[in-house]
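sequence unavailable; structure follows:
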C-alpha cells in the first residue's frame, strides 16, 4: 500500500491572508494577454511535485531538510521555514490569484470584442481549474466517491478582494465540482486554435475534463471528453525516425503536444535520474527509453528540446485516457487497439508484437504500464499514484535509497 501523507497547511495560511494590494484594473485587453503570457502562467508546474513520484531518484540524503528532500521523503511539511512562501502551494495560489484577477476584470475592458473578452476569461477559468487540480492531488486524499463529500479539499479563492480571513477548506467533492464547472463553461467559449502551444484552446479544457474524470473513476465521462479533445489536429510521432539521430521536434513544432507548460525552475528538468523501479520496467526495444535516455555513469532522462521540461498535456495522454476508460467499461478490444496504435510508433522496428487481453484486468495492467512509460517525467505520475493506490493497483513505494553524484 502506498503511503500518502496529508501535508501540513499551517505554513500556508499566511500566504492566503496577504492583502492583494490590488490597483485599478487595466482597461485594455493587452494587459490581460500579458498576464496569460507571463512566466507565472507558462512556467507554473511545481517541479517539487516530480520528487513525490516513483519516477526518479533525488540527489538528497535523509539528513537534508530542503523542500526537495521533504517532498522526496513525503514529510509532513515541505517548507521548514514557515516565513517563506511554501513551494507548490505558493506557486499555484499565485497563479490562481492572477487568473482570478482576469476573471473578475477582463469583461470591463474598453477595447476588444465581447467574444475575445470571453475567450480570455475562459482561458483563465481553465488555468484556475488546472492549478486547483494540481493542489488537490498534493494536499487532499485521493478521490473516493463515498467520502469525497466529507474529505477536506482546498480553500476555494475566487476573487482578489482583500481579506484577513482565509476561506475554509471545501470538501474534495466541492473542489472538484468547482473545477468541472469552470471547465464546462470554458470549453464553450475558448477558440479552437490558440496563439501558441503555451496558450489554452477549447481542446485543452476538454482534455482537462477527461483527466479529472479519470481521477474520479468516471470512465464514461473521461472517454467522452478524451474523444472530444482528440478531434484537435495532431499526429503521433514515430520514434523510429528519431532513433537514427534526427532531432525530436521542439515543443512548438511537436504535433503530439496539445498544451506546453514548463516548470517554474530549470534545475534538474532535463536530467531527471531514473528510479531503479522505473528503468527496470522498460523493454530493450522501447524507444521511449532509448531516444530520451542519456547514460553517463547514471541513467537520466533528457527531453532534449527544453531545459524547463514540458508538463502540460499531450495527445498520447488523451489516447491513454480513452483506452483506460474503454477497458474499465469492458470494451477491451477497443482499448487494446488504441494501445497497439500507440506502440506502433514507440517500439523499435515499427512492427511490435500486438498486445491482446482476455479480460478487463489484464487490459488495465497493460494500459497502466504503457501509461507509465509514455508519460514518464510529464508531470502526471503523482496523480496516477494517488488514484491507482485508491483502486488497489499500486505496489509499495519506498524513497529510502540515498543517491549521491560523484564529484
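Thanks, I have the structure now. None of these values were measured; they are calculated from a predicted model. Numbering: from 1, shown residues only.

mind splitting this structure into its structural domains?
With domains defined by automatic domain parsing, the chain comprises 12-214, 215-407.

tabulate these (a markdown table), appending mean neighbour count and mean pLDDT.
Every C-beta, even on glycine, is put in place using the N, C-alpha and C of the backbone. Listed next are the domains of the chain as a markdown table, based on neighbours: other CB atoms under 10 Å; pLDDT from 0 to 100:
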| stretch | mean neighbour count | mean pLDDT |
| --- | --- | --- |
| domain 12-214 | 19 | 91 |
| domain 215-407 | 17 | 88 |
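
which parts of the stretch 101-250 of the chain are strands?
Taking DSSP state E, counting those that start in this stretch, the strands of the stretch 101-250 of the chain run over residues 152-155, 169-171.

and of those strands, who's closest to residue 302?
strand 152-155 (34.2 Å; CB to CB).

now what about that closest one, what contacts it?
With CB atoms under 8 Å, 6 or more residues apart in numbering as the test, strand 152-155 has contacts from 16, 132, 135-136, 139-141, 166-176.

so how far is it off the chain centroid?
19 Å (CA atoms, centre = their mean, to the nearest Å).

against residue 221, how distant is residue 332?
According to CB to CB, to the nearest Å, residue 332 stands 20 Å off from residue 221.

typo on my end, residue 352
Residue 352 sits 31 Å away from residue 221, taking CB to CB as the criterion.

same question, residue 107
29 Å.

give the contact list for the residue nearest to residue 151 when sequence neighbours are not counted.
Closest residue in space to residue 151, ignoring its immediate chain neighbours: residue 172 at 4.4 Å, by CB to CB, 6 or more residues apart in numbering. For residue 172, the contacting residues are 136, 140-141, 143-144, 147-149, 151-153, by CB under 8 Å, 6+ apart.

residue 53 touches residue 385, doesn't it?
Yes - Residue 53 is within contact range of residue 385, at 6.4 Å (criterion: CB atoms under 8 Å).

ok, now which ones touch the residue with the largest distance to the centre of the chain?
Taking CA atoms, centre = their mean, the residue of the chain most remote from its mean C-alpha position is residue 110, at 35.0 Å. Residues in contact with residue 110, defined by CB under 8 Å, 6+ apart, are 27-28.

swap in residue 123?
Per CB under 8 Å, 6+ apart, neighbours of residue 123: 36, 102, 186, 190, 199-200.

go with 6 Å
Taking CB atoms under 6 Å, 6 or more residues apart in numbering as the criterion, residue 123 is in contact with 36, 200.

biggest helix in this structure by residues?
Counting by DSSP state H, the longest helix found in the chain is helix 114-139.

counting contacts, what elements does the helix or strand hosting residue 95 pack onto?
Residue 95 is part of helix 89-105, with elements assigned from DSSP states H and E. The elements that helix 89-105 packs onto, with contact taken as 3 or more CB pairs under 6 Å, 6 or more residues apart in numbering; DSSP states H and E, are helix 114-139.
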